Every structure is written in structure tokens, then in C-alpha cells.
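> Quick one, fold the following:
(2 chains)
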Amino acid sequence: MEPNQDGREQDESGPGIAVVRAPVTLAHLRGLAEGMFGDLVKAVVDVGQGIMAIGGELHADEEALLITAGSSQGDLWGINLYPDRYEGPDFIEFDSMINVRPSQGNRTRSVDDPAIRVAIAGIVARLVRP
Amino acid sequence: MSAHVGLAAGRWQTLTLAEQLGNIGSEVGRAIRAGERDDPQRFEGALGRALELFDLTMADPRWRGHRLREIARAREVTCDFLVGENEYGSTAASLDAWFLHYAFAARRDR
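Residues are numbered from 1 along each chain as shown, chains lettered A, B, ... in the order given. Below you'll find the model as predicted:
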């Protein structure tokens, strides 16, 4: 896949789904949210590579896209981004079915390890700009 | 307007029942937490998505029969707790746990 001007790589599994390696704007996230769920954008973050996929209807679609692009499943965590809550504590919601991974000790839809939550928040802060 | 355009177009019906119910549970869990935080915007969004996914599941011809009855009962109990009088005496924990079982089942090999 070839990255476009703002670092996103489009995929054929959906019109809005893309791998993000370079910062995208908050306005872009708002556009995705308005075009799909209204208030949120689903995202899967690769804490190993510091990239994420956004814009899928299911976290599982974004997970599959990243694995196809070379990510390891153990590094992938599903979150929701609420553009209207940017810079607030509710901007990132750690909640996805793909996070249920008993083999890694994560037994809820959240991200149980605080260190991983911090890593995810750092990657999102780097990849989403006002 | 559907929030899940691709899923409504048929892809939802390629998922297993555990995957479908696990995903519905994600939205139900979000609605529960938004309600607890008195966040009506998030509550309405999550509730709407949950009900849309419930309806897609109930329209899935694979679940006609006894499975459809259980799915319909789950929708009824969910609505009863989130926007009804809670006649079934559900709790946030009990409802969340019911759906989480399916998320586990869908992800048991991961």
C-alpha cells in the first residue's frame, strides 16, 4: 500500500479504513466519525510499531488490516476515539472485543495493563494532531 | 441512516453468533458506562448502535428458531435495563457478563 499525503494507507476492506503511520488531523477524525458512527472512530493501535488503523466498522477489520501489514496480534489493542472529547479524559475509550485475550492475561474488553494504556495514549497523542 | 453500512449490506451475516453477540455487548457496555456517567450523548450513540446490531442479528436467517428466541429475549432484557423499568432485575454487571461470555467464546483461540 502506498501512503497518501498525510500518512494514511487506504485499504480495500472499507472506504474509510486505513493504516496511520504519520499524524492525521482531528478534523479528519471528525469526518470519519460523522460519516460512520456519529461520535466515535474505532481504532486499533500497534504498540510495537507505534502505528494504528482507523475507520473500520469493526475493530476486527482494523486488526486484520494491521496483521496483513505486518503487525503482531499480541501488540494490537482496540480503542475508540471521541473527536469531540479531544484533550479530555474521555477522548480515548479502551474498549474492544479484540482485547479479550485470555492467553495474554487480558480477560476484559478493556486494556487491563496500565503500562499498555499509557503506551496506547502516547501513540494516539503522536498520531492525532489538532 | 445505518451506522454500520457494510455490515448491514450482508457482512454481519458472515460472523459467528458469538462474534455478533460479543460486538453487541461492546456497545451495550458502552451504553451502561455512559449511563452511569450521566453522558446522554454517548449513551444514545451506543444504545442506537447496539439496537442496530441486534436487529441485524435477528434478521440473520441462520438463527431462525430457538436461537432467535434467545436473541430476542436478550434484546428485550437489554432494553428493559437501559431504557425500561428493569422488570427483569438486571444489573450492569450481570448484563455485561452475559455478553462477555460470547466475546470470550469468539476470541478463545487468540
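
> what about the helices in chain B?
B:5-8, B:17-36, B:40-58, B:66-82, B:92-106 (DSSP state H).

> tell me the mean pLDDT over the shortest one?
It refers to helix B:5-8. Across helix B:5-8, pLDDT averages out at 80.

> before we move on, back to that, can you check which of the helices of chain B gets nearest to A:Ile123?
Among the helices of chain B, helix B:17-36 comes nearest to A:Ile123, with 21.2 Å by Cβ to Cβ. Where you see a C-beta, it was placed from the backbone N, CA and C, and this is true even at glycine.

> rewinding a little: of the helices of chain B, which approaches A:Val45 most closely?
helix B:17-36 (16.4 Å).

> Pull out the buried residues from that closest one.
By neighbour count on 16 or more other Cβ atoms under 10 Å in any protein chain shown, the buried set for helix B:17-36 is B:17-35.

> related to what we said a few turns ago, would you mind finding the most buried of the helices of chain B?
Sort these by mean neighbour count, taking mean count of other Cβ atoms under 10 Å in any protein chain shown, and helix B:17-36 sits at the top with a mean of 22.

> Contact residues of chain A facing chain B?
A:14, A:36-40, A:57-58, A:60, A:73, A:80, A:82, A:90, A:93, A:95-98, A:100-103, A:107-109 (Cβ under 8 Å from any Cβ of the partner chain).

> filter those to the buried ones?
Buried, going by 16+ other Cβ under 10 Å: A:14, A:36-37, A:39-40, A:57-58, A:60, A:80, A:82, A:93, A:95-98, A:100-101, A:109, out of the residues of chain A next to chain B.

> average model confidence for stretch B:73-85?
95.

> Please write out the alpha-carbon positions of it in CSV.
The C-alpha coordinates for stretch B:73-85 follow below in CSV (Å, rounded to 0.1, in the frame of the first residue of the first chain):
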residue,chain,number,x,y,z
ARG,B,73,-35.0,-12.1,24.8
ALA,B,74,-31.5,-10.7,25.2
ARG,B,75,-32.7,-7.6,23.3
GLU,B,76,-35.7,-7.3,25.5
VAL,B,77,-33.6,-7.6,28.7
THR,B,78,-31.1,-5.1,27.4
CYS,B,79,-33.8,-2.5,26.6
ASP,B,80,-35.5,-3.2,29.9
PHE,B,81,-32.4,-2.4,31.8
LEU,B,82,-31.1,0.6,29.7
VAL,B,83,-34.4,2.4,28.9
GLY,B,84,-37.2,0.5,30.7
GLU,B,85,-38.3,-0.2,34.2
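
> average model confidence for stretch B:30-42?
pLDDT averaged over stretch B:30-42 gives 95.
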